[in-house]
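>>> 3D model of this:
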Amino acid sequence: MNTFTECFKTILTGEKVESRKAARQVRKLLYSSSNDRSKYEDIRPLINKAPEEYANISEDWRQDNFVMAISVLYFLHHRESEPDFLFPWLFDLLQHDNGYIRHAAVRMFDNELGPLTYHIRCPDRQHNQSRADKANQILFQLYCNLQDLINDLSKPCFNRYKLIVSLPTGPFKSIQMVMSQLREDCGEEHMKDFENRFGSRYLNGIELGGLCDCEICKQR
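Below you'll find the model as predicted:
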């Protein structure tokens, strides 16, 4: 398997062991010094239709392999035309029972937040205002969706945890990880605006983004 196309063909059609090996080979190909970047063009269409392809996979282990491989090449998706078109799929993955799939979803969210928050993190650079406005709309919707999930999945037993890393493994923790990255990339001013617009600042002792109001968290 010397190309991304060959890897994904094996991931989608091969037996369990071969599919797993192919998923791992994707990362090796990406970081291979001999890899020709022009090879990305052959696999880009599959990245753009990943949600549809995923929906056609019946085996749990193949879903796992597919999502992990897609997360490695997620930067290839065509964000210029629809920068948020994969979000509904990523939110589904973020709530998956499989921890590997949730981890891959967190990684894809993190990958997406960089370009979306560039105008916020680098205000001195020249930016296209219409794109910046569109990014702000997407970021606020992302915030609202994450907060809705946090509200839905919150349990009283989570009150005792002061940091995200301490939370039990599961969808709630994964969602808080994405919220934490959103907070870091957007900065305090934007997050306060999001919080005010959403109408709630704290949830069960855990501040939006995953940290509570204790002295330890204030020092982070």
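>>> So the chain: which segments form each domain?
Following automatic domain parsing, one gets these domains for the chain: 1-78, 83-220.
>>> Okay, buried residues for stretch 128-142 please.
Within stretch 128-142, the residues that qualify as buried by neighbour count (16 or more other CB atoms under 10 Å) are Ala135, Asn136, Ile138, Leu139, Phe140, Leu142. For the C-beta atoms, the positions are set from N, CA and C on the backbone; glycine is no exception.
>>> ditto for stretch 107-127
Buried, per 16+ other CB under 10 Å, within stretch 107-127: Arg107, Met108, Phe109, Asp110, Asn111, Glu112, Leu113, Leu116, Thr117, Tyr118, His119, Ile120.
>>> from the middle of its chain, how far away would whichever helix or strand the first one is part of be?
Of the helices and strands defined by DSSP states H and E, Arg107 is found in helix 99-116. Averaging C-alpha positions (CA atoms, centre = their mean, to the nearest Å) puts helix 99-116 2 Å from its chain's average.
>>> what angle sits between whichever helix or strand Ile150 is part of and helix 99-116?
Assigned by DSSP H and E, Ile150 belongs to helix 129-153. Put simply, helix 129-153 runs at 150 degrees to helix 99-116, going by axes from the mean of the first three to the mean of the last three CA atoms, to 10 degrees.
>>> Report all helices and strands that helix 129-153 contacts.
Helix 129-153 sits against helix 87-94, helix 99-116, helix 118-121, helix 171-198, strand 202-203, with contacts defined as 3 or more CB pairs under 8 Å, 6 or more residues apart in numbering; DSSP states H and E.
>>> elements contacting the first one?
Packed against helix 87-94 by the contact rule (3+ CB pairs under 8 Å, 6+ apart) you find helix 50-55, helix 99-116, helix 129-153, helix 171-198.
>>> if we can go back for a sec, quick check, nearest of the buried residues of stretch 107-127 to Ala50?
Met108 (9.5 Å; CB to CB).
>>> related to what we said a few turns ago, which outside residues touch the helix holding Arg107?
Helix 99-116 has contacts (CB atoms under 8 Å, 6 or more residues apart in numbering) with 63-64, 67-68, 70-71, 74-75, 79, 83, 86-87, 90, 93-96, 135, 138-139, 169, 171, 174, 177-178, 181-182, 185.
>>> if we go to 6 Å?
64, 67-68, 71, 74-75, 90, 93-94, 96, 135, 139, 174, 177-178, 181, 185 (CB atoms under 6 Å, 6 or more residues apart in numbering).
>>> List buried residues within those residues.
Using 16+ other CB under 10 Å, the buried members of the contacts of helix 99-116 are 64, 67-68, 71, 74, 90, 93-94, 96, 135, 139, 174, 177-178, 181, 185.
>>> tell me the two of those residues that are most distant?
Across those (CB to CB), the longest gap, 31.1 Å, separates Asp64 and Ala135.
>>> In the protein, where is pLDDT below threshold?
33-39, 78-86, 200-220 (pLDDT under 70).
>>> one more time with 50
Flagging of the chain using pLDDT under 50 yields the residue ranges 201-220.
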